[in-house]
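Student: Kindly return the folded structure for what I paste below:
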Amino acid sequence: MGSLISQVASLSTGAKFAFAASGIFVIHAAFRLVETTLPRRFQQADARYRVRKVVVFLGYGVGLLFLVAVFGDRLGRISLVLGVAGAGIVVSLQDVVASVGGWFAIGGSKLYSVGDRIRIGDTKGDVIDISILRTTVLETGNWVSGDLHNGRLARIPNSLVLKGPVFNYTQGFRFVWDEIKVTLTVQSDHRFARAMLLNIAQETVAGFMEDAQHTWRGIKDDYRIENPGLEPIVTLTVNGGSLEFTVSYIVDYAERTVMKDQLFTKIADEIANSQGRLEWAFSSASSSTASQESSLAASPSR
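Tutor: Residues are numbered from 1 along each chain as shown. Alright, predicted model coming up:
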């Protein structure tokens, strides 16, 4: 090994660059092969992901050590050149430097990890990869309703975590408060409607309550925060001549769309079986459109 290093040190500068290029190519090919084959030996997706990341970082480390070994006798000159060019590099690559800093902030502060659902800026989705420069997110929402995945991959520069808020729906308390609105006619029995809505909400979220209460106790141990009510609530306002009920409840962040479907299905069944005590209210826009259509139908043709 010592003789090999001595032979490499005796090479000319051009020969060293050629040797370094060929060595980096071989190292890249070898670690690329390991990165492709080794994770297949693990059954769990999380283990495969972590093994792949370890292999990638080991590849970077071996490549760096190889370059140091090749150019070890010229490190003084190289450091001098880098020192002179350092200011220009920092200015021209400030976004890259900021993204690397953001990567350290993500890992050091545990802002999020792979598998978390986050929102940075206008992008929301599930984190599927965190690299040195970018975070890859499987996006939710946008052109699809609710929190369904739309199939689009969003690559967010890590520098954005240093410039604005990062919303994490998974860490700590993975439940969110959500609500639906139910609009009934003023002739509907509002007391009966309130009791019906509250009963449906309590039955539907019952499966979340124990886990939510246990999780919230853990949050209180880490932060100075008040203990909110986790039970569903129903409020009533009169809007445009209609009774507008708002049903507020907690739900797992990943099941908001499913929960709304369950609630509205049960509510629609109850209203249909209420024997006239409850009636859906039409919006003003629908009523206006219906009256215009009626007037047009009634007017004589010319």
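Student: Tell me where the stretch 151-300 of the chain has helices.
Tutor: Taking DSSP state H, counting those that start in this stretch as the criterion, the stretch 151-300 of the chain contains helices spanning 190-222, 256-272, 284-298.
Student: Also the stretch 1-150 of the chain?
Tutor: Under DSSP H, counting those that start in this stretch, the stretch 1-150 of the chain gives helices at 2-9, 13-37, 45-70, 75-92, 94-109.
Student: Which one of these has the poorest average confidence?
Tutor: With a mean of 55, helix 75-92 has the lowest mean pLDDT of the helices of the stretch 1-150 of the chain.
Student: Do I have it right that residue 103 meets residue 133?
Tutor: Yes. If you go by C-beta atoms under 8 Å, residue 103 and residue 133 touch, sitting 7.2 Å apart. Every C-beta, even on glycine, is put in place using the N, C-alpha and C of the backbone.
Student: who has more neighbours, the two?
Tutor: residue 103 (19 against 16; other C-beta atoms under 10 Å).
Student: quick one, what contacts the more buried one?
Tutor: 130, 131, 132, 133, 158 (C-beta atoms under 8 Å, 6 or more residues apart in numbering).
Student: Kindly report the same for residue 120.
Tutor: Contacts of residue 120 (C-beta under 8 Å, 6+ apart): 135, 137, 156, 160, 161, 164, 166, 167.
Student: just the residues you listed now: which is nearest residue 270?
Tutor: Closest approach to residue 270 among the contacts of residue 120 (C-beta to C-beta): residue 167, at 34.7 Å.
Student: and the closest one, how far is that from residue 155?
Tutor: Taking C-beta to C-beta, to the nearest Å as the measure, residue 167 falls 18 Å from residue 155.
Student: Residue 47: what's it in contact with?
Tutor: Counted by C-beta under 8 Å, 6+ apart, residue 47 has contacts residue 39.
Student: and the residue nearest to residue 182 when sequence neighbours are not counted, what pLDDT?
Tutor: Closest residue to residue 182 apart from its sequence neighbours, by C-beta to C-beta, 6 or more residues apart in numbering: residue 245 at 4.5 Å. Looking at residue 245, its pLDDT is 95.
Student: Enumerate the beta-bridge partners assigned to residue 245.
Tutor: Per DSSP bridges, the residues bridged to residue 245 are residue 182, residue 236.
Student: Begin at 871 from now on, thanks
Tutor: All right, first residue 871 from here; so that's residue 1115.
Student: Next, count neighbours for it.
Tutor: Quick note: residue 1115 (other C-beta under 10 Å) scores 21 neighbours.
Student: got the contact list for it?
Tutor: Counted by C-beta under 8 Å, 6+ apart, residue 1115 has contacts 1051, 1052, 1053, 1054, 1063, 1064, 1067, 1104, 1105, 1106.
Student: Same list (these) but as TSV, adding distance to residue 1142, pLDDT and neighbour count.
Tutor: Formatted as TSV, the contacts of residue 1115 follow (distance: C-beta to C-beta, whole Å; pLDDT from 0 to 100; neighbours: other C-beta atoms under 10 Å):
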residue	distance to residue 1142	pLDDT	neighbour count
1051	19	94	10
1052	13	94	22
1053	16	94	15
1054	13	95	22
1063	14	94	23
1064	18	95	16
1067	15	95	25
1104	20	94	20
1105	24	94	11
1106	21	94	16
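Student: of all those, which comes closest to residue 1126?
Tutor: residue 1051 (14.7 Å).
Student: Now for the closest residue to the closest one other than its chain neighbours: which residues touch it?
Tutor: Closest residue in space to residue 1051, ignoring its immediate chain neighbours: residue 1116 at 5.5 Å, by C-beta to C-beta, 6+ apart. By C-beta under 8 Å, 6+ apart, the contact list for residue 1116 reads 1049, 1050, 1051, 1104, 1105, 1106, 1107.
Student: could those residues be laid out in TSV, adding distance to residue 913?
Tutor: Formatted as TSV, the contacts of residue 1116 follow (distance: C-beta to C-beta, whole Å):
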residue	distance to residue 913
1049	41
1050	40
1051	45
1104	46
1105	49
1106	53
1107	53
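Student: ok, of the contacts of residue 1115, which one's closest to residue 1134?
Tutor: Distance to residue 1134, by C-beta to C-beta, is smallest for residue 1052 among the contacts of residue 1115, at 8.3 Å.
Student: Next, count neighbours for the closest residue to residue 1075 other than its chain neighbours.
Tutor: Distances taken as C-beta to C-beta, 6+ apart place residue 1119 nearest to residue 1075, at 5.0 Å, with adjacent residues excluded. Using other C-beta under 10 Å, the number of residues around residue 1119 comes to 25.
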